[in-house]
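A.B. asks: below are the sequence and a predicted model; questions follow.
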Amino acid sequence: MNKENKDFFWPSYVDLMTVLFLVMLVLFVLSFKMFYDKDSENRQNIARLQVEVEEKRKLDEIKAALSKLDEKYFKYNEKYKRHELLVDVLFEQSKATIPQRSLAPLRRAGEELSKVINSIDDKEVKYLIVIDGRAASYPAGDPRNITEREYALELSYKRALALKNFWRSSGIKFPQDRIELVASGSGFEGAGRTGDIRDRRFVIQILPKVGTLDTKEVQ
C-alpha cells in the first residue's frame, strides 16, 4: 500500500467508525427510550389495576351494606340493577300530592335509607339517589301518549319533588358531602313499567360512586 493510499484509507476508516458509532448511539438511545416507555406503561397499567381492584372492593362493601336495607321498604331489582322503593304510593290521577296513608311508611323508608347510608364509614364513597317519579300511560295507540308527553314529564317530576321535600321536612338527614339527592321525572317512560295505574307511583334508585361527587341538588 503506497503512501497515497494510506493517506486515503485512514481518514475513510475513521469516518466509517464515526458513522457506526453514531448509529450505535442512536440505536442505544432508541432502545432505551422504548424500554423506558414500556416500563412506564407497565407501571401505569399496574397502578390502574390496583385502583380498579380497590374500587371493586369498595363497591362490594357498598352492595353488602345496601343489602341490609329493610325488605319491607326496599328491594334490589336484579333485572334492572337498581334498588326500588316498595312503599305503596298510588297517586290520584293528574295529582302530585302524596296520599296521606303513604306518609308514615315513606318517613320510615327514608329513615331506613339514611341509617344504612350513614353506617358506611368511607368518606370516598359517594351516592347519587334518584327519586324517579312516573305517570301512568294510556292504552297503546292512544294519541294522548304523545300529546300529553310533556305534561306527564312535568307531573312525574312534581311527584318526585314531593317526596324529596317530604323527607327534608321530616328531618331525614343524609351526609351532605357524600349524597346528591335528585328529583327526576320519567313521565310515561322508564324500564319496569306495569302498564296500568300502578305506574303513577315512583321508584328510587341508589347509585354508589367511588370518587368525587358534587353535592348540588336539583330543585
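C.D. replies: Cool, got the structure. Numbers count the residues shown, from 1 in each chain.
A.B. asks: which residue is nearest the middle of this structure?
C.D. replies: Nearest residue to the geometric centre of the chain (Cα atoms, centre = their mean): K209, 5.5 Å.
A.B. asks: residues contacting that one?
C.D. replies: When contacts are counted by Cβ atoms under 8 Å, 6 or more residues apart in numbering, K209 touches V125, K126, Y127, L128. (Each C-beta comes from the backbone N, C-alpha and C, glycine too.)
A.B. asks: pLDDT of the stretch of helix or strand it belongs to, averaged?
C.D. replies: When elements are assigned from DSSP states H and E, K209 belongs to strand 203-210. Per-residue pLDDT values over strand 203-210 give a mean of 76.
A.B. asks: ok now that strand, how far from the chain's centre?
C.D. replies: Using Cα atoms, centre = their mean, to the nearest Å, the distance from the centre of strand 203-210 to the centre of the chain it belongs to is 8 Å.
A.B. asks: just checking: what are the partner strands of it?
C.D. replies: Paired with strand 203-210 in the same sheet, following DSSP bridges, are strand 125-133 (antiparallel).
A.B. asks: right, and the helix or strand after the strand it pairs with?
C.D. replies: Elements were assigned by DSSP H and E; along the chain past strand 125-133, the next helix or strand is helix 144-147.
A.B. asks: counting contacts, what elements does that following helix pack onto?
C.D. replies: With contacts defined as 3 or more Cβ pairs under 8 Å, 6 or more residues apart in numbering; DSSP states H and E, there are no secondary structure elements packing on helix 144-147.
A.B. asks: before we move on, back to that, which parts of the strand holding K209 are buried?
C.D. replies: Across strand 203-210, burial judged by 16 or more other Cβ atoms under 10 Å covers V203, I204, Q205, I206, P208, K209, V210.
A.B. asks: who's in contact with D70?
C.D. replies: E112.
A.B. asks: do the one 5 residues further on as well
C.D. replies: Counting by Cβ under 8 Å, 6+ apart, K75 touches H83, E84, L86.
A.B. asks: next one: phi and psi at the second one?
C.D. replies: Right, the one you point to is E84. Torsion angles at E84 (phi, psi; degrees, to the nearest 10) stand at phi -130, psi 150.
A.B. asks: could you list the domains of the chain?
C.D. replies: Residue ranges for the domains of the chain, per automatic domain parsing: 1-66, 70-210.
A.B. asks: of those, which shows the lowest average pLDDT?
C.D. replies: domain 1-66 (a mean of 67).
A.B. asks: residues touching S186, list them.
C.D. replies: D132, G133, R134, L153, S156.
A.B. asks: what residues sit buried inside stretch 70-80?
C.D. replies: For stretch 70-80, by 16+ other Cβ under 10 Å, it's Y73, F74.
A.B. asks: quick one, helices of the chain?
C.D. replies: Assigned by DSSP state H, the helices in the chain fall at 3-66, 100-118, 144-147, 149-169.
A.B. asks: dump the third one to PDB, keeping only the CA atoms.
C.D. replies: Yep, that's helix 144-147 we're talking about. Below are the C-alpha coordinates for helix 144-147, written out as PDB (Å, rounded to 0.1, in the frame of the first residue of the first chain):
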ATOM      1  CA  ARG A 144    -102.600  11.200  24.400                       C
ATOM      2  CA  ASN A 145     -99.400   9.200  25.000                       C
ATOM      3  CA  ILE A 146     -97.800  11.700  22.500                       C
ATOM      4  CA  THR A 147     -99.900  14.900  23.000                       C
END
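A.B. asks: what's that helix in contact with?
C.D. replies: S137, Y138, F188.
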